[in-house]
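> Sequence and computational prediction follow.
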Amino acid sequence: MNLTGKTALITGAASGIGKRIAEVYAEHGAKVAIADINLDAANATAQAIERSGGRAVGVRMDVTDEHEVDAGVDAIAAHFGSVDILVSNAGIQIVNPVDTFSYADWKKLMAIHVDGAFLTTRACLRHMYAAGKGGAIIYMGSVHSKLASPLKAPYVTAKHGLIGLARVVAKEGAKHGVRANVICPGFVRTPLVEKQIPEQAREFGITEDEVIKNIMLKDTVDHEFTTLDDVATAALFYAGFPSNALTGQSMVVSHGWFMQ
Ligand code: NAD
């Protein structure tokens, strides 16, 4: 999979999964825009990629802010000459039972995952359609795009929703050569997951080891966490796949936690 000549915009790329995807895309020739609400961390990631010989730029982008997304995507297209790949990856997690979930937290989570996916998709499609060179849109779903867990109502709702969005974008984008797909990782040890371990231990009244063993990795085939490289390899495959044969799909990368 060679991404030379392509520009990739990756949201939430200052940390975790998005950061690793940016590094791997740069290693495979792409120019990468590290878009994140945390500009200092985005710039640090971009600088590290440039020091390793890649092309990268950090961009402050709150994916829930329509104007910031539109202006940021325009600036990236002007800086690198195109936007060919979008990885809509920015995300958060908030855990609570439905009956005590605050509406403010529900809206915050839905805004980042769903509104953010819509706004970045819309802004990138405008450039992709105008350039007429096709493109790849990749949504960071989750095993929770396929199944549910307690305490995660908005997350599960949002991640299921991304599959619907990808299917619509696949249908509309086809005549422009734009493909849309979803990656559905199992648990990866990023800050987002590290935070959940003590939270779930408290909520369920069990130890942190029990959260890992009896909840997070219980249904995997080998009791292993999914790694950053596992997810980045899947993201590289979707980005580099050359035709509309692979569009509107979702790929589960979860050590067999969910099998479809
Ligand atoms: P992370 O916390 O390491 O990184 C998330 C990044 O998103 C951070 O850099 C943060 O600053 C950024 N971000 C948060 N709100 C933002 C906003 N409004 N605008 C722009 N950037 C924002 O988390 P991660 O584990 O790497 O998660 C990345 C994606 O992968 C998320 O969509 C998450 O739901 C998904 N995911 C993670 C796992 C896992 O186990 N870690 C599993 C399945 C799916």
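Received it, and whenever you're ready, just let me know what you need.
> From now on I want contacts and neighbour counts done on CA atoms only, so please keep to that.
Fine.
> Which pLDDT does the model give residue 87?
Per-residue pLDDT puts residue 87 at 99.
> Could you say which helix or strand holds it?
Secondary structure assigned from DSSP states H and E places residue 87 in strand 85-88.
> Does that strand reach the ligand?
No: against the ligand, strand 85-88 shows no contacts by Cα under 6 Å from any ligand atom, the least distance being 7.6 Å.
> who does that strand pair up with?
strand 7-11 (parallel), strand 135-140 (parallel) (DSSP bridges).
> how about the ones you listed, which one is nearest residue 147?
Closest approach to residue 147 among these (Cα to Cα): strand 135-140, 15.1 Å.
> how far does the closest one sit from the chain's center?
Per Cα atoms, centre = their mean, to the nearest Å, the displacement of strand 135-140 from the mean C-alpha position of its chain is 9 Å.
> change the start of the numbering to 41 and stick with it
Okay, using 41 as the starting number, the last item reads as strand 175-180.
> could I get the strands paired with strand 125-128 as a markdown table with mean neighbour count and mean pLDDT?
What follows is the strands paired with strand 125-128, written out as a markdown table (neighbours: other Cα atoms under 10 Å; pLDDT from 0 to 100):
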| stretch | mean neighbour count | mean pLDDT |
| --- | --- | --- |
| strand 47-51 | 29 | 98 |
| strand 175-180 | 28 | 98 |
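> Would you mind pulling up the elements that whatever helix or strand comes next after the strand holding residue 127 packs against?
On the C-terminal side of strand 125-128, the closest following helix or strand by DSSP H and E is helix 143-150. Other helices and strands packing on helix 143-150, by 3 or more Cα pairs under 8 Å, 6 or more residues apart in numbering; DSSP states H and E, are helix 193-213.
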